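1. Quick one: sequence and predicted model below, then my questions.
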Amino acid sequence: MHILHIVGARPNFMKAAPVLRRLGAYPIVRQTLVHTGQHYDASMSDVFFRQLEMPEADLNLGVGSGTHSQQTAAVMTAFEPVVIERKPDLVLVYGDVNSTLAAALVCAKLAVPVGHVEAGLRSHDRSMPEEINRVLTDRLSDLLFTPSEDGDQNLFREGISQSRIHLVGNVMIDTLVRLLPKADAKLPGGVNGRFALVTLHRPSNVDDLSWLRDLLGALTDLSDQLSVIFPVHPRTRQRLNDLGIDHSANARLHLLEPLPYLEFIGLQRHAAMVITDSGGIQEETTFLGVPCLTVRENTERPITISLGTNQLVGRDLKTLRGSAEAILQQKRSQQDERKPVPFWDGHAAERIARIIVRGSTH
Ligand code: UD1
């Protein structure tokens, strides 16, 4: 049985790594790993492959950046001949990035079965490019692997047959569980004691320069109370350059280059709070029990609010400031009375591998 995995952007790598490992344990499975090249900087890609102990990609399509249509079309054009030549029995796509949808569409047109890992998530906000990618990828997929029950409900509501839906849990948490013992919290110079960890890269936050300037102002104010560590995504770096905000910021607001996985989860575990617009980080903070403020109006991961530590602060600086203040006043024990999220247990990829291999007739 030949399984082809396609990855392209940073959040794909920690999802694919455990699935590659688990499927690798079955002798009947042969695997091919294709990187689209959507993320190409060493700090966004190579270092993750190394730390996640992933095999080198068999092929890199080298698509790089562009508009959404350019990027999606470039992946499709480069990926189609690969599928025709390599004839996989199943293609696994991950998450919600442009590479995910492009690959699913190629396979659907060639009648090659697709499995979507992290299916069923919905923000119900079509202004997010990722939401379009999620809805369409699920439509095109034959096997839908959901991380939580709300994903199943969303898919039922969209009329997707129950026989295609498999609640397996969260593969990103598999990687977190496996690598947390190796996590390495290297604090930047000048940081001691409590700190807040920040990531921002969504177009809705960083492409609106006046909002980004206001957000930076709120983070600078917060840095009067505790150090703020902000590893900056390349897209955000470009916008900060446009605003004329330089690398050094101020003594307690630390603008860093993107961090490798182990360093980032090490910091996350010890942070007093995380402020983010990332999807995966909402999940990781929930697992780690670290308070998370999400700078978005909605989330496709509602379980991180109902069972976890996440709170939406929207596009409202007053709420952001108030919620950060409340977290600083809170005692740790108040934050720790949570039930674990079902199936976020480090075994999601095992379930995926079992379903794929058991369903195989090869
Ligand atoms: C993509 C995903 C997003 C995911 C994020 C994680 C889509 C629609 N978005 O957003 O869901 O949360 O990755 O990082 O697929 N750039 C570099 N070096 C790189 C990669 C990007 O400099 O290695 C710069 C390029 O100028 C590019 C910009 O960052 O134009 C944005 O990159 P892109 O891949 O288009 O989207 P992300 O914002 O990274």
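-> Great, that's in hand.
2. Counting neighbours, what do you get for residue 193?
-> 8 (other C-beta atoms under 10 Å). For every residue, glycine as well, the C-beta is placed using N, CA and C.
3. cool, and residue 318?
-> With other C-beta under 10 Å as criterion, residue 318 counts 9.
4. ok, now residue 138?
-> 26.
5. Make sure it is indeed in a strand.
-> No - assigned with DSSP: H, G, I helix; E, B strand; the rest coil, residue 138 falls outside any strand and is helix.
6. can I assume it is in contact with residue 160?
-> Yes - assessed by C-beta atoms under 8 Å, residue 138 is found in contact with residue 160 at 6.7 Å.
7. Mind listing the shared neighbours of these two?
-> Common neighbours of residue 138 and residue 160 (criterion: C-beta atoms under 8 Å, 6 or more residues apart in numbering): residue 144.
8. what about the stretch 201-350 of the chain, any weak spots by pLDDT?
-> Applying pLDDT under 70 to the stretch 201-350 of the chain picks out residues 247-249, 332-337.
9. Show me the strands in the stretch 51-200 of the chain, by range?
-> 59-60, 90-94, 114-117, 143-146, 165-167, 195-199 (DSSP state E, counting those that start in this stretch).
10. mind putting these in CSV, mean pLDDT, mean neighbour count and distance to the ligand included?
-> Putting the strands of the stretch 51-200 of the chain into CSV (pLDDT from 0 to 100; neighbours: other C-beta atoms under 10 Å; distance: least, C-beta to the nearest ligand atom, whole Å) gives the following:
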stretch, mean pLDDT, mean neighbour count, distance to the ligand
strand 59-60, 98, 16, 12
strand 90-94, 99, 28, 11
strand 114-117, 98, 26, 15
strand 143-146, 98, 25, 18
strand 165-167, 98, 20, 23
strand 195-199, 97, 24, 9
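11. For residue 181, find the nearest of these.
-> Checking these against residue 181 by C-beta to C-beta gives strand 195-199 as the closest, at 19.7 Å.
12. Adjacent strands (with direction) for that closest one?
-> For strand 195-199, the paired strands and their directions (DSSP bridges) read strand 227-231 (parallel), strand 273-276 (parallel).
13. who touches that strand?
-> Here strand 195-199 makes contact (C-beta under 8 Å, 6+ apart) with 187, 219, 222, 226-231, 233, 267-268, 270-278, 281, 324.
14. Please compute how far it lies from its chain's middle.
-> In terms of C-alpha atoms, centre = their mean, to the nearest Å, the centre of strand 195-199 is found 17 Å from the chain centre.
15. For the very next helix or strand once past that strand, which outside residues touch it?
-> Using DSSP states H and E, the helix or strand that follows strand 195-199 towards the C-terminus is helix 203-206. The contact list for helix 203-206, computed with C-beta under 8 Å, 6+ apart, reads 127-129, 200, 211-212, 215, 233, 235-236, 239, 277, 295-296, 315.
16. Just flag the most distant two among the residues you listed.
-> Of all pairs drawn from those, the widest gap by C-beta to C-beta lies between 129 and 215 and measures 20.3 Å.
17. Looking at those two, which is more packed in?
-> residue 215 (21 against 17).
18. Could you pull up the residues touching the more buried one?
-> Residue 215 sits in contact with 200, 205, 295, 317, where contact means C-beta under 8 Å, 6+ apart.
19. now do residue 54
-> 13, 16, 17, 20, 33, 48.
20. Surely the fifth one and residue 58 touch.
-> Yes - taking C-beta under 8 Å as the contact criterion, residue 33 and residue 58 are neighbours in contact, 5.4 Å apart.
21. quick one: residue 22 and residue 356 touch, right?
-> No - taking contacts as C-beta under 8 Å, residue 22 lies outside contact range of residue 356: 9.4 Å.
22. pLDDT score for the nearest residue to residue 136 once chain neighbours are set aside?
-> Leaving out its chain neighbours, the residue that sits closest to residue 136 by C-beta to C-beta, 6 or more residues apart in numbering is residue 101, at 5.5 Å. What the model reports for residue 101 is a pLDDT of 98.
23. can you check the one 3 residues further on too?
-> Reading off the confidence values, residue 104 has pLDDT 99.
24. Could you do residue 184 as well?
-> As predicted, residue 184 sits at a pLDDT of 83.
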